[in-house]
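Next input, structure requested:
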Amino acid sequence: MTKRALFLEDLEVGQTWTGGPIEMSEDDIIRFAREFDPQPMHVDPVAAASGRFGGLIASGWHVAAAVMREFVDSAPFGDTPLLGLKVDDLQWRHAVRPGDRLSVKREIVDLRRSESKPDRGVLTMRMTITNQDGDVAMSFVNLIQIPARGGAL
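Presented below is the predicted three-dimensional model:
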């Protein structure tokens, strides 16, 4: 079942969505890191065990990519096409380890119609990613272009 498409006019500051769980397996952590962030704490469990984190941890970029994938798969705006414009205040606050289950909270913190292109708007969302213990693993603010009702998709 396709979710109802949401447009600028359907949204309001304070709306929230939750997502997840995102399962972080050791195999996935190592696979991602081997290709994109091949540092010992991400790819070598033995070296990681004696390092400052005391064990293998996920690359922050892996966490960010997994959150993006979950956003696309869950389609909180239905089939409305969205365009990322900017990420601000990206913070990796707590190490993500094999076996962690991540949850995502998305909150609209600002919403405005474009003055120069009134067929669309800019949505500002705060993303907070927590592990199964409630520790904040990552947070960021995302600016997203969203069409207005009747605007070009």
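
can you map out the strands along this protein?
Taking DSSP state E as the test, the strands found in the chain are 16-23, 83-92, 101-113, 120-130, 136-147.

what comes up buried for stretch 115-124?
Within stretch 115-124, the residues that count as buried by 16 or more other Cβ atoms under 10 Å are Arg120, Gly121, Val122, Leu123, Thr124. Quick note: C-beta positions are derived from backbone N, CA and C, even for glycine.

Make a markdown table out of the residues you listed and add distance to Phe7 and pLDDT.
Output for these, formatted as a markdown table (distance: Cβ to Cβ, whole Å; pLDDT from 0 to 100):
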| residue | distance to Phe7 | pLDDT |
| --- | --- | --- |
| Arg120 | 9 | 94 |
| Gly121 | 8 | 95 |
| Val122 | 13 | 95 |
| Leu123 | 10 | 95 |
| Thr124 | 16 | 98 |
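
and which of these is nearest Pro147?
Arg120 (5.2 Å; Cβ to Cβ).
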